[in-house]
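Novice: I would like the atomic coordinates for the input below:
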Amino acid sequence: MNTVLVIALILAMGATLFALIRGIIAFLQAAKEELNAPDGVPRPSSLKQNKMMMNRILFQAAAVIIVAILLLMKSNG
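Specialist: Reported below is the predicted structural model:
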């Protein structure tokens, strides 16, 4: 069981890193014109940034939960 959780933790951490890098790249690719666009108009790059950062938060939460489960199993076993 521990092996499965460790593999899941590594995958969650990798997915977190991937989502973080994709979000940063999307942020860097945003053109100056998009940053100065009128308010209330969501741009595709902004939507992609938000999606990638939300994925990062979800993957981080999964990694934290897996670590908590591993710690609970270690303290009980």
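
Novice: Give me the pLDDT value at I57.
Specialist: Looking at I57, its pLDDT reads 95.

Novice: And the one 5 residues further on, by the same measure?
Specialist: Among the per-residue scores, A62 shows a pLDDT of 96.

Novice: quick one: pLDDT of the closest residue to it other than its chain neighbours?
Specialist: Spatial nearest neighbour of A62, chain neighbours left out: A12 (4.5 Å); criterion: CB to CB, 6 or more residues apart in numbering. All C-beta spots, glycine's among them, are computed from the backbone N, C-alpha and C. As predicted, A12 sits at a pLDDT of 95.

Novice: Just give me the neighbour total for A12.
Specialist: For A12, the count of nearby residues is 20 (other CB atoms under 10 Å).

Novice: And the helix or strand encompassing it, what's buried?
Specialist: Assigned by DSSP states H and E, A12 falls within helix 2-28. Buried residues in helix 2-28, counted by 16 or more other CB atoms under 10 Å: 8-9, 12-13, 15-16, 19-20, 22-23, 26.

Novice: elements contacting the lengthiest helix in the chain?
Specialist: In terms of residue count, the longest helix belonging to the chain (DSSP state H) is helix 44-76. With contacts taken as 3 or more CB pairs under 8 Å, 6 or more residues apart in numbering; DSSP states H and E, helix 44-76 sits against helix 2-28.

Novice: between the helix it packs on and helix 44-76, what angle do the directions make?
Specialist: Relative orientation of helix 2-28 versus helix 44-76 (axes from the mean of the first three to the mean of the last three CA atoms, to 10 degrees): 160 degrees.

Novice: if we can go back for a sec, and the helix holding A12, how far out from the chain middle?
Specialist: In this view, helix 2-28 has its centroid 6 Å away from the chain centroid, taken as CA atoms, centre = their mean, to the nearest Å.

Novice: And stretch 56-67, by the same measure?
Specialist: Distance, stretch centre to chain centre, for stretch 56-67: 8 Å (CA atoms, centre = their mean).

Novice: Any chance of the backbone angles for P42?
Specialist: Per-residue torsions, P42: phi -70, psi 130 (degrees, to the nearest 10).
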